[in-house]
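Asks: Sequence below, structure please.
(chains A and B)
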Amino acid sequence: MKSIVCLLLIFAAGVSAQTTEPPAEAPPPAETATAPAAPGGVFGNYFDLGVGLVSFDPRSSKFLEYRDVPEGLSGPSFRFGTETASTTIRLSGTNLSQDDLQVRAYVDTPLVRADILYDQIPHRFGFDARSIETRAARDAYGIEDTTQQLFQSRLESTNPRSAINFAFLRALVEPALNTANVFDVELRRDRGVLDLQILPEAAVDTRITYFQENRHGTRGAGTSFGFGNVVETPEPVEYRTRELGLNAEYPIRNGLVRGMLRVNEFSDALTSYTFDNPFRLTDSTDPSAYQAPGSASVNGPAFGRLSLPPDNRAVNASAGILYKLPLNSRITADVGFGRWTQDDTFVPYTTNTAIREAFAGPGGTPTPLPASSLDGEINTTTFNLQFTSKPLRNTNVTARYRSYDLDNDTPRITIPGYARFDAAWQPTARITVPYSWGSSRAELLASYDLRLGSIEAGVRQEKVDRTFRETRETTDNIWHIAGDVRPASWLVARASYETGRRRFDEYDFERSEDASFVVHPAAPGNLPELRRFDQANRNSDRMMVMLQVTPMDTLTLSMNAARNQDDFDGHSNYGLLEWETSAYSIEADYSPTERVSAFLFATMDEVRGFQRGRQSAGTISTNPLDDWTAENTDEAQTLGGGVNFAIIPDRIRLDVSARYQSVDGSADLFSPPGGAPDVAFSIPQVDDTRIVTLSAELDYTLLESWELAFGGWLERYRIRDAQTTGSQPYMPGGFFLAENNGDYHGNVVYLRATYRF
Amino acid sequence: MLIAIVVLLLGTTQEAATPAMPHPGFDVTECQTCHEEVFRDFSHTHHAKKVAGSCAECHGDVAAHAKSMMAGEGPNPIISFKTMTPSQVNEKCLSCHDKRRQAHWTGGVHDRRGLSCTTCHSVHSFKADRAQLKTVRASDLCYSCHQGQRAQMMRTSHHPVREGKMDCGSCHDPHGSSTKGMLKADSVNELCYSCHTEKRGPFLWEHAPVRENCSTCHQPHGSNHDKLLVAKMPYLCQRCHLNTRHPGTLYDLRNTQLGANPSNRVVEHACKNCHQNVHGSNHPSAPYLGR
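Replies: Okay, here's the model as predicted:
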């Protein structure tokens, strides 16, 4: 708080110290009332309302993922503005009767300039989800006690326990699932933003910003009672984020100084939520209870608890300067500080009263935790320094240094043991690990303007240092060259190439995993030869080529090719070994007359990752035959185009457009025969999608102020994925919401009337 | 405290830039006589209303231009932005706009690639009512060069850019910034936290790569995998986790819904079926982020 007051005083002092002579007054413009924007035009006033017929089948949330497409009345939308020589007020709104409404206001006066936005953003994850859990309270899902008792009794009485398999369990739960609760999984962000500039014409630029977002709804969460008992539930989301910011910028001779202060608070109305265990009405436990239900155990908790995101707060402040020097040079410097804190009260070890280690308090109350809350604190420090100069004609030099440090100063807490999935006590002491890291980047660039283009070369070094991770420091040395050529007014070509070498100082494969154990594990849990790719030695190459041709004023063709490759192979034996992305695009824009314009684009892009793993049982395998590899690939083709045609100028207009994308994903798997995987069956359908959208709109201007639009669009979406397509509410290992976010055929026809004034 | 002193000292020495004087004896509304179509939207902008001298401020001796045109001697000596080089255009615009976000333009990657202010903005012929952009949607401008990102944005898992709820400028500052990728925050994670604030923590149990960089696992421009992941689980997680038992186990077609032995480590959300709080957890019993 003291630091905030100090910074506020700085701003106040800076503003009051402003002694700039106002500029010599220019003759004021004639004080006439400015005419309102004529009908049409970017600022024209209008009001519109539509009516539509909508069908989408099956009822997939994907069609309405971030939007509303209502049947019947749609909109309305409007824009209204009024202005004088000194004051402007503009209001606009879209989809006012819909879940995705947006309202905007802009007010410009000599005293303040305000930009205000209110936006509702739906996010629909899935329709028609099914669950035997029902919402019992804001923070609780439950199952009928009679159902839990029935399932528990059946399991406890089954002998031998090996009879408890998927077929048995499915037969047991299916009647309950047939009468399951059906609901949609979705949430909505309600967001407001205010940007207020005080005395906009003053030399000092002073702004106050305020942001608030309420997020409410549900989303799917993998809540589990162990290896064989996942119970996916709709996690309740009741978040609020608020942020207040102060920004100021003061011009000085040959530059400016600026400062910023921002306070951001996140709060979650719920600390946690509970969900019933379908197979237990009463708490019980045994060392294998986390493997229930099955031959190993039929024990477990009556319900579980998932902790939800804790409240947190961030305060950020920064100050900077831009100063112009001789020889077309300038220097900019910024320094920033941030503090993030979190101190929510912890939930108890477990809900399972049968775990005596967790209920060893007086009278069987929850065992006191080593700490009641985290007292978490992260401090960030940012420093930027940039020098840019054009010391000679046609020469440009830039030198840049940047550092960012994130120090996690959260105290470490030792936990004497923990409850696995609320089912069984694990008496292994663990200690929390507050990861910190810092990065620095130093860069030097030089470019030379040739008569017909320019060429640039640069070198950059990026260092990252880390605590509690496998490496202490990695250093990436990167060289790049770029150029553009403009041999004629109708031809532009650009190309850039960058190559980098990242190396770590040392790699201790046990440091990160061990950091969270109080007693060093007797045997390594992870593969010693694994190199985690975010730290591993790596050779990287990035390339981009762009060509733009304008053979005539009415036609522009552009081609773009980009390829990025990260190569870990030769440095890593396991983990990610290769990562490659490429995209090749072509685009044409054609406007032969003022009445017609058309565009067409096509892109082929691919993402490919190659990794190696090793399958191990209770101890790390040393048998190379236990190795396996996975090559995950996405190949996409994207096409699009459209035509805008003024059939009768200023009277009838036709807009037609189409988009198509097909993505083919696959996982190509291999394992040598004779090892633990022995064989591997590749997966041909990995998020394979296809989407086609066709739209057309005919606009008819009846009178100067009235416009009618008749249009429609159809959309076809298809997804095939071996892991998610065809999900059922009960599958081996758990209950799933099995919500519908898959294929759909969408058809929309609408009529819209617009009044311009 | 040192910064406070510097600010106070500099605050007493500031000097506002002196605007150019309009050319005397010429009313800029006279430009409207020949350039009527320009004024329909332009007349409602700051350039028209607030800048003394208006047209002459950027286009030079408009009186001489009018005289030359009336004499049939051509447009000269008017300053036309269409014939200026990008650096000349930028010098003109930055003579007033070299502050706030534009202060990072000089030396930034767009500047170095020969883009000019008028590549994206238009003083007269703009289509958007905000920032006077040449297209209705800001992202359409960006896609003209960044065509690969357009295709990515069309992928099934995406931020709501094509729905109009976000655009490229929600995350990037095209004028430049000191962060790699011209991000509007000091780091990738701080940018993501502006909307995904629940991930900021800190948490009792942290996940190291999450604390460092969200883009280790997520592709914010679009992906075909759920939650914008760069690869499908479990393979994504197995790039770092090859521990004994299930983390290092190969799961293949047989463990999917199409196979004979579906596994809850593969179907639906794979690893996240159990390890739900993968971004970090505040539960005492969640060293493996399952609570």
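Asks: Please tell me how far B:Thr256 sits from chain A.
Replies: Note on B:Thr256: its distance to chain A, by Cβ to the nearest Cβ, to the nearest Å, is 4 Å. Glycine gets a C-beta too; all of them are placed from N, C-alpha and C.
Asks: which stretch of helix or strand covers the residue nearest to that residue when sequence neighbours are not counted?
Replies: Nearest residue to B:Thr256 in three dimensions, chain neighbours excluded: A:Ala722, at 3.8 Å (Cβ to Cβ, 6 or more residues apart in numbering or on different chains). Here A:Ala722 sits in a region with no helix or strand, counting by DSSP states H and E.
Asks: is it true that A:Ala722 touches B:Arg254?
Replies: No: applying Cβ atoms under 8 Å, one finds A:Ala722 not in contact with B:Arg254, separated by 10.3 Å.
Asks: who has more neighbours, those two?
Replies: A:Ala722 (26 against 16; other Cβ atoms under 10 Å in any protein chain shown).
Asks: measure the more buried one to A:Lys62 for me?
Replies: According to Cβ to Cβ, to the nearest Å, A:Ala722 stands 18 Å off from A:Lys62.
Asks: does B:Arg211 sit in a helix, a strand or a coil?
Replies: At B:Arg211 the chain is in helix, as set by DSSP: H, G, I helix; E, B strand; the rest coil.
Asks: Please enumerate residues in contact with stretch A:96-108?
Replies: Stretch A:96-108 is contacted by residues A:66-68, A:70, A:73-78, A:87-95, A:113-122, A:188, A:200, B:163, B:165 when judged by Cβ atoms under 8 Å, 6 or more residues apart in numbering or on different chains.
Asks: ok, 6 Å please
Replies: A:67-68, A:70, A:76, A:88-95, A:114-120, A:122 (Cβ atoms under 6 Å, 6 or more residues apart in numbering or on different chains).
Asks: cool, stretch A:360-372 as well?
Replies: For stretch A:360-372, the external contacting residues (Cβ under 6 Å, 6+ apart) are A:345-346, A:348, A:358-359, A:413-414, B:284.
Asks: From those, pick the one nearest B:Pro209.
Replies: Of all the contacts of stretch A:360-372, A:Ile413 has the smallest distance to B:Pro209: 21.6 Å, by Cβ to Cβ.
Asks: Burial check on that closest one, number of neighbours?
Replies: When neighbours are defined as other Cβ under 10 Å, A:Ile413 has 19 of them.
Asks: now swap in the one 3 residues further on and tell me
Replies: Close neighbours of A:Pro416, defined as other Cβ under 10 Å, add up to 15.
Asks: just B:Arg162 next, same as before
Replies: B:Arg162 has 19 nearby residues by other Cβ under 10 Å.
Asks: Pull stretch A:93-113 out as PDB, backbone CA atoms only.
Replies: Extracted in PDB, the C-alpha atoms of stretch A:93-113 (Å, rounded to 0.1, in the frame of the first residue of the first chain):
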ATOM      1  CA  GLY A  93     -24.500  -1.800 -30.200                       C
ATOM      2  CA  THR A  94     -24.800  -5.100 -31.900                       C
ATOM      3  CA  ASN A  95     -27.000  -8.100 -31.200                       C
ATOM      4  CA  LEU A  96     -28.700  -6.400 -28.400                       C
ATOM      5  CA  SER A  97     -31.300  -9.100 -27.700                       C
ATOM      6  CA  GLN A  98     -28.700 -11.900 -27.900                       C
ATOM      7  CA  ASP A  99     -26.200 -13.500 -25.600                       C
ATOM      8  CA  ASP A 100     -23.300 -12.200 -27.600                       C
ATOM      9  CA  LEU A 101     -24.400  -8.500 -27.400                       C
ATOM     10  CA  GLN A 102     -21.900  -5.700 -27.500                       C
ATOM     11  CA  VAL A 103     -22.400  -2.100 -26.700                       C
ATOM     12  CA  ARG A 104     -19.800   0.700 -27.200                       C
ATOM     13  CA  ALA A 105     -19.700   4.300 -26.300                       C
ATOM     14  CA  TYR A 106     -17.200   7.000 -27.300                       C
ATOM     15  CA  VAL A 107     -17.400  10.400 -25.700                       C
ATOM     16  CA  ASP A 108     -14.900  13.100 -26.700                       C
ATOM     17  CA  THR A 109     -15.100  16.500 -24.900                       C
ATOM     18  CA  PRO A 110     -12.400  19.000 -24.000                       C
ATOM     19  CA  LEU A 111     -12.400  17.600 -20.400                       C
ATOM     20  CA  VAL A 112     -12.400  13.900 -21.000                       C
ATOM     21  CA  ARG A 113     -12.200  11.400 -23.800                       C
END
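Asks: Can you pull out the low-pLDDT segments for the stretch 1-150 of chain A?
Replies: Across the stretch 1-150 of chain A, the ranges flagged by pLDDT under 70 are A:1-40.
Asks: A:Gln120 should be in a strand, yeah?
Replies: Yes: applying three-state DSSP, one finds A:Gln120 inside a strand.
Asks: show me what contacts the spatially most central residue of chain A?
Replies: Nearest to the geometric centre of chain A sits A:His123, at 12.7 Å (Cα atoms, centre = their mean). By Cβ under 6 Å, 6+ apart, the contact list for A:His123 reads A:Leu187.
Asks: Over to A:Leu117?
Replies: By Cβ under 6 Å, 6+ apart, the neighbours of A:Leu117 are A:104, A:193.
Asks: just A:Asp484 next, same as before
Replies: The neighbours of A:Asp484, taking Cβ under 6 Å, 6+ apart as the test, are A:453-454, A:494, B:114.
Asks: right, and the helix or strand after the helix or strand bottoming out on mean pLDDT in chain B?
Replies: The weakest-scoring helix or strand in chain B, judged by mean pLDDT, DSSP states H and E, is helix B:2-11 (a mean of 42). Next in sequence after helix B:2-11, counting helices and strands by DSSP H and E, comes helix B:31-34.
Asks: Would you mark the buried spots in that following helix?
Replies: By neighbour count on 16 or more other Cβ atoms under 10 Å in any protein chain shown, the buried set for helix B:31-34 is B:31-32.
Asks: partners of A:Tyr210 in the sheet?
Replies: As for beta bridges, A:Tyr210 partners with A:Leu194, A:Leu244 under DSSP bridges.
Asks: before we move on, what about A:Val748?
Replies: A:Val54, A:Trp713.
Asks: Check the contact between it and A:Trp713; I expect there is one.
Replies: Yes: proximity of A:Val748 to A:Trp713 meets the contact threshold set by Cβ atoms under 6 Å, at 5.3 Å.
Asks: Could you show which parts of the stretch 501-650 of chain A are in contact with chain B?
Replies: The stretch 501-650 of chain A comes close to chain B at residues A:525-527, A:530, A:532-534, A:560, A:562, A:575-576, A:583, A:585, A:603, A:605, A:609, A:611, A:613-616, A:628, A:630, A:632, A:634, A:638, as judged by Cβ under 6 Å from any Cβ of the partner chain.
Asks: in chain A, which spans are helices?
Replies: Assigned by DSSP state H, chain A shows helices spanning A:2-16, A:145-157, A:166-178, A:511-514.
Asks: What about A:Thr179, how many residues nearby?
Replies: Around A:Thr179 there are 10 residues (other Cβ under 10 Å).
Asks: now do the one 3 residues further on
Replies: Burial measure for A:Val182: 11 neighbouring residues, criterion other Cβ under 10 Å.
Asks: next one: the one 3 residues further on
Replies: For A:Val185, the number of neighbouring residues by other Cβ under 10 Å comes to 26.
Asks: again, but for B:Glu91
Replies: 16.
Asks: same deal with A:Trp425?
Replies: 21.
Asks: Would you agree it is in contact with A:Arg356?
Replies: No: between A:Trp425 and A:Arg356 there is no contact under Cβ under 6 Å: 8.1 Å.
Asks: got the contact list for stretch B:255-266?
Replies: A:230, A:722-723, A:726, A:731-734, B:246, B:251, B:253-254, B:267, B:273.
Asks: Fine by me, we can end here.
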